[in-house]
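A.B. asks: Test case, fold it:
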Amino acid sequence: MKGFDEIDNQIVTYLKENGRDRVTDIADRLRLNRVTVAQRLERLVKGGIIKRFTVKLDYESLGLDVLAFVFISFKKIGNTTQEELAQVISKLGGVEEVHIIAGEFDIIAKVRAKNLRELGEKVVNRIRGISGVENTFSHIVFQTIID
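C.D. replies: Now for the predicted structure:
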């Protein structure tokens, strides 16, 4: 977006941690005029910089204690494309993110589960059971430093 400046950056950075705050709270905290903040927010949304306002969940409180990144190899079967496979994977329960990547693997999925048994069920029975998945390699997260 043309014209994205330091004030826009301050507003976006603030919103990442305090997305529920009112415009007046943001303006007070950043020492900016309320009208300025409101206008810039509107411009950032219309300009596509801010795609949506969302909720950040506490997964431990929800009982989803296991996080893993699952690397997936794509095998062309019929007319299915890598992007179509990624779309199918993205609709599975517990899958938070799906990215098409370069390197040894073709797709990476961020997957949450209650425990290792549930994670194994999601990877072995669901992801590996999809036509076009050649193999998977899972990395379990011990600790998240920044999210």
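A.B. asks: what are the bridge partners for R112, then?
C.D. replies: Taking DSSP bridges as the rule, R112 bridges to L67.
A.B. asks: Now for it: which residues touch it?
C.D. replies: Y59, L64, V66, L67, G94, E96 (CB atoms under 8 Å, 6 or more residues apart in numbering). (Glycine included, C-beta is placed from N, CA and C.)
A.B. asks: The residue positioned nearest the centre of the chain is in what secondary structure piece?
C.D. replies: Residue closest to the average C-alpha location in the chain (CA atoms, centre = their mean): E97, at 4.8 Å. Per DSSP states H and E, E97 falls inside strand 95-100.
A.B. asks: Strand partners (parallel or antiparallel) of that strand?
C.D. replies: strand 107-113 (antiparallel).
A.B. asks: Would you mark the buried spots in the partner strand?
C.D. replies: I107, I108, A109, V111, R112, A113 (16 or more other CB atoms under 10 Å).
A.B. asks: Stretch 29-38 now?
C.D. replies: So for stretch 29-38, counting by 16+ other CB under 10 Å, buried means L32, V37.
A.B. asks: Okay, now that stretch: how far is its last residue from its first?
C.D. replies: 14 Å (CA to CA, to the nearest Å).
A.B. asks: i'd like the first residue to be 58 from this point on
C.D. replies: Understood, numbering begins at 58; the last thing we discussed is stretch 86-95.
A.B. asks: Endpoint to endpoint, stretch 84-92 covers what distance?
C.D. replies: Stretch 84-92 has an end-to-end distance of 9 Å (CA to CA).
A.B. asks: Same question for stretch 98-110.
C.D. replies: 11 Å.
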